[in-house]
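K.L.:
I need the structure of the sequence given here:
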Amino acid sequence: MPGREKVMRMSVEQPLWRALAGYRVLTLLYAIGLFATAYEEFPRPWLAVGYYAVLAGWTLATLPKVANAAACTKRFLAADLTLALTGILLTPLADAPERVHAGGPTLPSIWTAGAVLAFAVKGGWRWAALASSLVAVANLVERGSPARDTVHNVILVWVASIAIGYVVEVARASERTLARALEIEAATRERERLARDIHDSVLQVLAMVQRRGAVIGGEAAELGRMAGEQEVALRTLVSGGLVPAGRTPRDAAPGAAVTAAERAGPDDGAPVDLRTLLAPFAGSRIALAEPGAPVLLPPAAARELAAAVGAALDNVRRHAGEGARAWILVEDEPHEVIVSVRDDGPGIPEGRLAEAEGEGRLGVALSIRGRLRDLGGRADLISVPGQGTEVELRLPRPAGDGGTGAGGPAHHDDSDHDGLPDGRGPGTDGDPRGKAEQR
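P.N.:
Numbers count the residues shown, from 1 in each chain. Take a look at the predicted model:
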C-alpha cells in the first residue's frame, strides 16, 4: 500500500534525514576549519582548496537529496560516496607525508561518515556495511599501513553505520506491524458497526417475516420459511466476520425506534438532548422517567446510546412477549449518564446468552455491549429467572463536561413510572440480582 508506506517512512525516517542534513553541513564546516588551522603545513594547499570548494558546493546543492528517502537515489549515494573516497585518496597529495603517517585527518575528515550514514538510512545495515567497507579500504590505501588510529577509526565508522542501519530496519518493521495492527483494529470496529446495523435492520425484518408468515400460512408461510433461511445464513456471515455492507429501512419492524434514533439529531457537533431521542420509545407499555433538565451529549454518543436502548427494548418484545412492560430510567450524574431498561418478563435462563452468541445471535454482544464499548462506556445486565431483566447502560461524560447532575444525582420525573418510583419492574422488590451476560 503506497499511501501507508509513505506515512511510515515519514514518521520513522524524516527525523533521521533532517539530522543527516544538519550533520553534513556541520562536518563540512569542521573539515574546512581543520584545514584553515593547518594551512601553512600543506605543501600543495591549492589542491585542498579546490577539493573543499567542490565539497562545499556539493554539500549545499545536494541538501534536498537528503530530505527524504525518495529523493536520496542510488545514483546520488554512489556519487556522494565517490566524492568522500576521492578526498581520502587526495590527502597524501595535498598534505605533508609526515602528517599523513602521524595520523593527521583526511581532507573530508568526519564528513565521510555522513555519506556512509546516508547508505544506512536509505538501505539498512547491508548498504551501510558495503559503504563503510569501501571507506575502510580507502583509509588503508591513504595511510599505506594499518596504523592503530586508522584501524580504530575504520572500525568505529563500520560498527556505527551498521548499528544505525539495523535500527532503521527494526523501526521500519515495527511500524509496518503497528500499521497492520491498526488496520485490523479499524476493520474489526467497522465490521462490528456493520454487524450492529444488520442486526438492527435486516435480521429483525427477516425474523418478523418468518413469524408472520408462519401465522398467516399458505404462500406467506413459504415466504417466511425462505426469510428464515436467509436470516440463518446472514447470521452466519455476521458471526463469521463476512459482513455485507447495506442497510435496510425497518420503520415497520418492532425496533423501528432504533433506526429513528440513529437518524435523529444534528451532525454539526452541537450537543443533543438525550431525552428527545428516548421520548419516541415511550408508550402504553413502556414508561420513561427522565430528569427535568436537558441531558446533553455529543450527537454521535447520544444516538448510539439511544440505539442501544432501542436494541434492549427489541429484546424485551422478542423474549418477554408483546404484552411485557418496560421501564426506562435516565440518570444524569456529574461524570456519567446512566440509562436503565427494566422489564417484567420471565428473565434469562442461565447460559442462554452464550448459547445465543454461539448461534450467531449477536444482538446484545454488538447492538448493546458493542455500542457502549465503542463509546468508552459499559453495559451491565442483571437478570433473575421469573423476575425480569435489567440492562444498565453507563456512558462517561467527556472531560470537563459536568452535565446537569453536578453536585449530586439529577432529580427525576417519576410520574411515568406507573407507581414504581424507583424504576423497578414488578417482582424486583429492591432485591439485588445476580449479574449475567447480556442477551
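K.L.:
what does the helix or strand where K122 lies rub up against?
P.N.:
For K122, the host element (DSSP states H and E) is helix 111-123. Helix 111-123 has contacts (CB atoms under 8 Å, 6 or more residues apart in numbering) with 13, 16-17, 20, 23-24, 27-28, 30-31, 55, 59, 66, 69, 72, 77, 80-81, 83-84, 87-88, 106, 127-128, 130-132, 135, 157, 160-162, 164-165, 168. Every C-beta, even on glycine, is put in place using the N, C-alpha and C of the backbone.
K.L.:
which of those residues count as buried?
P.N.:
Buried members of these, counted by 16 or more other CB atoms under 10 Å: 13, 16-17, 20, 23-24, 27-28, 31, 55, 59, 66, 69, 72, 77, 80-81, 83-84, 87-88, 106, 127-128, 131-132, 135, 157, 160-162, 164-165, 168.
K.L.:
chain center to stretch 95-108, what's the gap?
P.N.:
The chain centre lies 56 Å from the centre of stretch 95-108; the measure is CA atoms, centre = their mean, to the nearest Å.
K.L.:
for stretch 91-103, that is, sorry about that
P.N.:
58 Å.
K.L.:
average pLDDT for that stretch?
P.N.:
The average pLDDT for stretch 91-103 rounds to 83.
K.L.:
shift numbering so it begins at 448
P.N.:
Okay, using 448 as the starting number, the last item reads as stretch 538-550.
K.L.:
for it, measure first residue to last.
P.N.:
One end of stretch 538-550 sits 11 Å from the other (CA to CA, to the nearest Å).
K.L.:
buried stuff in that stretch?
P.N.:
Buried residues in stretch 538-550 (16+ other CB under 10 Å): T538, P539, A541, D542, R546, V547.
K.L.:
now, which of those lie within helices?
P.N.:
Members of these lying in helices (criterion: DSSP state H): T538, P539, A541, R546, V547.
K.L.:
nearest to I785, of these?
P.N.:
T538 (78.6 Å; CB to CB).
K.L.:
the closest one and L554, how far apart?
P.N.:
5 Å (CB to CB, to the nearest Å).
K.L.:
equivalent analysis for V501, please.
P.N.:
From V501 to L554 the distance is 11 Å (CB to CB).
K.L.:
quick one: which of those two has more around it?
P.N.:
L554 (27 against 13; other CB atoms under 10 Å).
K.L.:
state the distance from L752 to A826.
P.N.:
10 Å.
K.L.:
distance between the helix or strand harbouring L507 and the chain's centre?
P.N.:
Using DSSP H and E, L507 falls within helix 492-508. Relative to its chain's centre, helix 492-508 lies at 49 Å (CA atoms, centre = their mean).
K.L.:
what does stretch 502-511 give?
P.N.:
Per CA atoms, centre = their mean, the centroid offset for stretch 502-511 relative to its chain is 40 Å.
K.L.:
how about stretch 671-680?
P.N.:
Using CA atoms, centre = their mean, the offset of stretch 671-680 from its chain centre is 36 Å.
K.L.:
and stretch 549-565, by the same measure?
P.N.:
For stretch 549-565 - counting by CA atoms, centre = their mean - the centre lies 44 Å from the chain centre.
K.L.:
which parts of that stretch are buried?
P.N.:
Applying 16+ other CB under 10 Å to stretch 549-565 flags 551-565 as buried.
K.L.:
which regions of the stretch 548-697 of the chain lie under the pLDDT threshold?
P.N.:
592-597, 599, 641-648, 650-651, 678-697 (pLDDT under 70).
K.L.:
in this structure D821 contacts R636, no?
P.N.:
Yes: under the criterion of CB atoms under 8 Å, D821 makes contact with R636 at 6.8 Å.
K.L.:
centre-most residue in the chain?
P.N.:
L629 (4.7 Å; CA atoms, centre = their mean).
K.L.:
report the angle between the axes of the host helix or strand of that residue and helix 558-570?
P.N.:
According to DSSP H and E, L629 maps onto helix 595-645. Going by axes from the mean of the first three to the mean of the last three CA atoms, to 10 degrees, helix 595-645 is angled at 30 degrees with respect to helix 558-570.
K.L.:
helix or strand right after the helix holding K569?
P.N.:
Defined by DSSP H and E, the subsequent element after helix 558-570 is helix 572-590.
K.L.:
run the chain-centre distance for that following helix.
P.N.:
43 Å.
K.L.:
and of the ones in helices among the buried residues of stretch 538-550, the nearest to E783?
P.N.:
Nearest member of those to E783, counting by CB to CB, is T538, at 73.1 Å.
K.L.:
my read: that closest one touches S556, true?
P.N.:
No: in this structure T538 lies outside contact range of S556 using CB under 8 Å: 9.6 Å.
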